[in-house]
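[1] okay, sequence plus prediction incoming.
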Number of protein chains: 2
Amino acid sequence: MIPRLPAATENSVKDNNDMPGHLARRFQQIAVAVFLAEVNEAGFDLTPVQYAALAAIKANPGLDQVTLAGLIAYDRTTITGVIDRLVQKGLVERRASSRDRRARELEITDEGRRTLRKITPAVESAQGIMLRGLSAKEGEELMRLLRKAIAAGNELSRAPLRDGQAE
Amino acid sequence: MIPRLPAATENSVKDNNDMPGHLARRFQQIAVAVFLAEVNEAGFDLTPVQYAALAAIKANPGLDQVTLAGLIAYDRTTITGVIDRLVQKGLVERRASSRDRRARELEITDEGRRTLRKITPAVESAQGIMLRGLSAKEGEELMRLLRKAIAAGNELSRAPLRDGQAE
DNA sequence: GGATATTGATCAGTATGCTGACTATCAGTA
DNA sequence: TACTGATAGTCAGCATACTGATCAATATCC
């Protein structure tokens, strides 16, 4: 039994739908759900975060965790657990670096490479489903605006994006 | 020492910047950081999630947890902890419902009302900062596109938005 | 009315994300 | 070389989010 709800306009300064923060959370929530559904259907058990990390490791062999964190804008304390799980699944190897004994070098395994290859269609499909309410033009525009807003706010989170070049 | 990174184009099917899922995650990450920074600066200790729940409870006195979850698109298992913390902080009261002994009725306290009132400027400021890279027109367009994409994907997450009316 | 299904809330377990602290190591300098 | 500061990684602790299970209570159907 759903209780009748008053108009709820009296004191709400703004509707949730006018709050970019709320919309961001909601869109992200849907994006993750769609990603997991598509990837599961394809027979894999990989989160969006793990996928992004795996792809970045493949593209940048031997990189260390801090560099990886910067490439995909993760907090360095989050990376530890993500890599743990990728290693656990046999998709990544973590070795001590010879150059710097503090650092760990990350390497994708053959199994990881195979997984990436086979999972790609599901990932691409997921990206399409997230935007299924929009025309192609609108989807492009949404991504453009997100990129622009993100670029302006990059330094505001603890885990900003770093492009990997010398700063 | 940042290792030199290869071009990273060879095998990446898409750049992260072309993945709506990645952009969603990143924008949300910034949105949360901005919210917390603004609210902290105003002297409060409230998360975006707690704020949204508190505002919804104020606007809909006596609602139960499932209805609240639907109004702000939270999973019902997440709501339990959120309400715990709001009760802990003295901002919300949780009472057994007389109509339905399974349900808990939620009520905002005077302290909660006071907090909401005083925190509002910080929340509004945060919404502006999230969009600071965009013109007013672009900000509007971003929100429009997000709303549209979200509406189309609403049922794809475990915690869809429910408008509170009979379905 | 009684069996069945559904629902509200919670819980255990897992995975991000963050803050702040800590260790080990490295880099630069006096 | 000893001191200082910065850096790579980890950890403890907290707050979302979710899956799947359970319990109690309510609804529904025969």
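    Now that the structure is in, tell me what you want to look at.
[2] doesn't A:Arg114 make contact with A:Lys58?
    No. Assessed by Cβ atoms under 8 Å, A:Lys58 is found out of contact with A:Arg114, at 11.1 Å. Yep, even glycine has a C-beta here, placed from its N, CA and C like the rest.
[3] quick one, which of these two is more surrounded?
    Ranked by neighbour count (other Cβ atoms under 10 Å in any protein chain shown), A:Lys58 and A:Arg114 place A:Lys58 first, with 21 against 12.
[4] in which helix or strand does the more buried one reside?
    Element membership of A:Lys58 [criterion: DSSP states H and E] is helix A:48-59.
[5] for A:Val87, same thing?
    Under the criterion of DSSP H and E, A:Val87 resides in helix A:76-88.
[6] is there proximity between that helix and DNA strand C?
    Yes. Helix A:76-88 is in contact with DNA strand C by Cβ under 7 Å from any atom of the strand, via A:77-78, A:81-82, A:85.
[7] most neighbours of all the residues you listed, which one?
    The most crowded member of the residues of helix A:76-88 next to DNA strand C, judged by other Cβ under 10 Å, is A:Val82 (21 neighbours).
[8] ok, and what's touching stretch A:64-79?
    Here stretch A:64-79 makes contact (Cβ atoms under 8 Å, 6 or more residues apart in numbering or on different chains) with A:49, A:52-53, A:56-57, A:60, A:63, A:80, A:82-83, A:97, A:100, A:103-106, A:157-164, B:2-3, B:5, B:16, B:22, B:26, B:29.
[9] and DNA strand D, which of those residues reach it?
    Residues of the contacts of stretch A:64-79 in contact with DNA strand D (Cβ under 7 Å from any atom of the strand): A:80, A:83, A:97, A:100, A:103-104.
[10] just give me the closest of those to A:Arg144.
    A:Ile83 (32.0 Å; Cβ to Cβ).
[11] ok, now which ones touch the most centrally placed residue in chain A?
    Most central in chain A under Cα atoms, centre = their mean is A:Val49, positioned 4.6 Å from the mean C-alpha point. Shown in contact with A:Val49 (Cβ under 8 Å, 6+ apart): A:74, A:78, A:82.
[12] and the residues you listed as a markdown table, adding pLDDT?
    Converted to a markdown table, the contacts of A:Val49 look like this (pLDDT from 0 to 100):
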| residue | pLDDT |
| --- | --- |
| A:Tyr74 | 95 |
| A:Thr78 | 96 |
| A:Val82 | 98 |
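[13] which one of these is nearest to DNA strand D?
    A:Thr78 (8.5 Å; Cβ to the nearest atom of the strand).
[14] who in chain A is up against DNA strand C?
    Checking chain A against DNA strand C by Cβ under 7 Å from any atom of the strand, the hits are A:1, A:47, A:49-50, A:74-75, A:77-78, A:81-82, A:85, A:100-102, A:157-159.
[15] and if we set it to 6 Å?
    Contact residues (Cβ under 6 Å from any atom of the strand) of chain A with DNA strand C: A:47, A:49-50, A:74-75, A:77-78, A:81-82, A:85, A:100-102, A:157-159.
[16] mind listing the helices for chain A?
    A:20-41, A:48-59, A:65-72, A:76-88, A:110-130, A:136-153 (DSSP state H).
[17] give me the below-cutoff pLDDT ranges for chain A.
    A:1-14, A:164-167 (pLDDT under 70).
[18] and the closest residue to A:Ala126 other than its chain neighbours, what does it touch?
    Sequence neighbours aside, A:Glu38 is the residue nearest to A:Ala126 in space, at 4.1 Å (criterion: Cβ to Cβ, 6 or more residues apart in numbering or on different chains). By Cβ under 8 Å, 6+ apart, the residues touching A:Glu38 are A:122-123, A:125-126, A:129.
[19] and the gap between the residue nearest to the centre of chain A and A:Ala103?
    Going from A:Val49 to A:Ala103 by Cβ to Cβ, to the nearest Å gives 21 Å.
[20] one more: A:Ala152?
    31 Å.
[21] ok, now A:Ala159?
    18 Å.
[22] for burial, what's the neighbour tally of A:Tyr74?
    A:Tyr74 - counted by other Cβ under 10 Å - has 22 other residues nearby.
[23] same question for stretch A:40-51: list its buried residues.
    Of the residues in stretch A:40-51, A:42, A:44, A:46, A:48-51 count as buried by neighbour count, 16 or more other Cβ atoms under 10 Å in any protein chain shown.
[24] determine which two of those are furthest apart.
    Largest pairwise distance in the buried residues of stretch A:40-51, by Cβ to Cβ, is 17.4 Å, between A:Ala42 and A:Val49.
[25] nearest to A:Gly133, of the contacts of A:Val49?
    Nearest to A:Gly133 among those is A:Tyr74, at 28.3 Å by Cβ to Cβ.
[26] for the closest one, phi and psi?
    Note on A:Tyr74: its backbone torsions stand at phi -110, psi 150 [degrees, to the nearest 10].
[27] which residues of chain A lie near DNA strand D?
    A:1, A:25, A:29, A:33, A:64-66, A:76-77, A:80, A:102-104.
[28] report the buried members of these.
    By neighbour count, with 16+ other Cβ under 10 Å, the residues of chain A next to DNA strand D hold A:25, A:29, A:33, A:64-65, A:103-104 as buried.
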